[in-house]
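> Got a predicted model here, sequence first, then my questions.
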Amino acid sequence: MKQLALALVLPLSLGACLDMSDESSVDQAATGEANGDLHGAPEHLHHQKGFAHGGGGGASGSPVMTSHGGTVLTTNKTFAIFWGDWTNPGDKITGIDSFFQGWGGSHMAGDSTEYAGTNGQVTAASTYLGHTFDTSAAPRKALTTNSAVAEACKITNNNPDPNGVYFIYTSTGAGHVNYCAWHSWGTCSNGAPIQVAYMPNVDGIAGCDPVAPASLGHSQGLNAVINVTSHELSETITDPRGAGWFDASGNENGDKCAWTFNGVETLSNGSQWYLQGEWSNAAYNAGTGIANSAGQKGCLY
């Protein structure tokens, strides 16, 4: 979900996204600012079930998304950073690799191709750049935008791909928060723009569990993290830097179809996943989409 934008020169407020009872998370955010972490943008949250903002439209009453005059990712490149202790990953690393390898050219990737920005039209093209490990201790609590940007800039040696989305998977959880993941953006110390997504460990968190069919053969943790990865990737493609597509309530295409499902999705490499839908203005206007939690028929699968 898109939060209110703040000037980059101001300290980043996490009040809208952290459960304020988790004082250690708040302290960590303050510490990050004091240590001069790179500034980024407020997080665009994928809320847990029960906190999700499906549908919406704000004061205008219209549920459609509109362009806010910025760019989109016409093609994208994805990269996974595994931060922390991944000595016993189970099926997560191979599963995440498989998901990204199958995204390009899939129906899910095609769901966003109706949207355009100042730099052109979204396509279903996507290239997976692979993964790397940061074996240093991952933070015990939620990342701030600044710390996520700093981590991705470190991994890329301040040379990120401008069309890249850098997914940071931590072996640790986010603490007492009401979200499952988020995406944001920022700049490296040399001014290079970068898009990031924070993917904490959501194993066993009921609010982040899509309850996928057992026949898929994936672990619960893999099913959960892949669903939120799909959500954040779709949102970053259509709103990479806060001036892309969202509705009058700030809901991006993933938010508007959060926690609504319509069966198993097969990606272009044959891998199968239980993924939420993504919002389509065209499908809503034609009345051909699947209904979201607000009953608006604009979700595609």
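Great, that's in hand. Numbering: from 1, shown residues only.
> who touches the nearest residue to Gly263 once chain neighbours are set aside in this structure?
In space, and not counting its chain neighbours, Gly263 is closest to Tyr301: 7.0 Å by Cβ to Cβ, 6 or more residues apart in numbering. Just so you know, the C-beta spots here come from the backbone N, C-alpha and C atoms, and that holds for glycine as well. Tyr301 sits next to His107, Met108, Asp111, Phe261, Asn262, Gly263, Glu265, Leu275, Gly277, Ile290 when contact means Cβ atoms under 8 Å, 6 or more residues apart in numbering.
> out of these, which is most surrounded?
Gly277 (29 neighbours; other Cβ atoms under 10 Å).
> Quick one: neighbours of the closest residue to that one other than its chain neighbours, just the number.
Sequence neighbours aside, Cys299 is the residue nearest to Gly277 in space, at 3.3 Å (criterion: Cβ to Cβ, 6+ apart). Cys299 has 26 neighbours, counted by other Cβ under 10 Å.
> Can you tell me the element Cys299 falls in?
Assigned by DSSP states H and E, Cys299 falls within strand 297-300.
> Tell me how far that strand lies from the chain's centre.
Strand 297-300 sits 19 Å away from the centroid of its parent chain (Cα atoms, centre = their mean, to the nearest Å).
> Same question for stretch 141-158.
The answer for stretch 141-158 is 15 Å, by Cα atoms, centre = their mean.
> now do stretch 197-216
The answer for stretch 197-216 is 14 Å, by Cα atoms, centre = their mean.
> how far does that stretch stretch from start to finish?
25 Å (Cα to Cα, to the nearest Å).
> Also stretch 157-171?
Separation of the first and last residues of stretch 157-171 by Cα to Cα is 22 Å.
> hang on, isn't Ile96 packed against Val225?
Yes - here Ile96 reaches Val225: they are 7.2 Å apart, a contact under Cβ atoms under 8 Å.
> For these two, indicate the residue with more neighbours.
More crowded of Ile96 and Val225, by other Cβ under 10 Å: Val225, with 26 against 23.
> Please enumerate the helices of the stretch 1-150 of the chain.
23-34, 92-103, 107-110, 145-155 (DSSP state H, counting those that start in this stretch).
> Check what contacts the second one and list those residues.
Identification of contacts with helix 92-103 by Cβ under 8 Å, 6+ apart yields 78, 80, 82, 86, 109, 126, 128, 130-131, 167, 169, 218-219, 221-222, 225-226, 229-230, 233, 267-271, 273.
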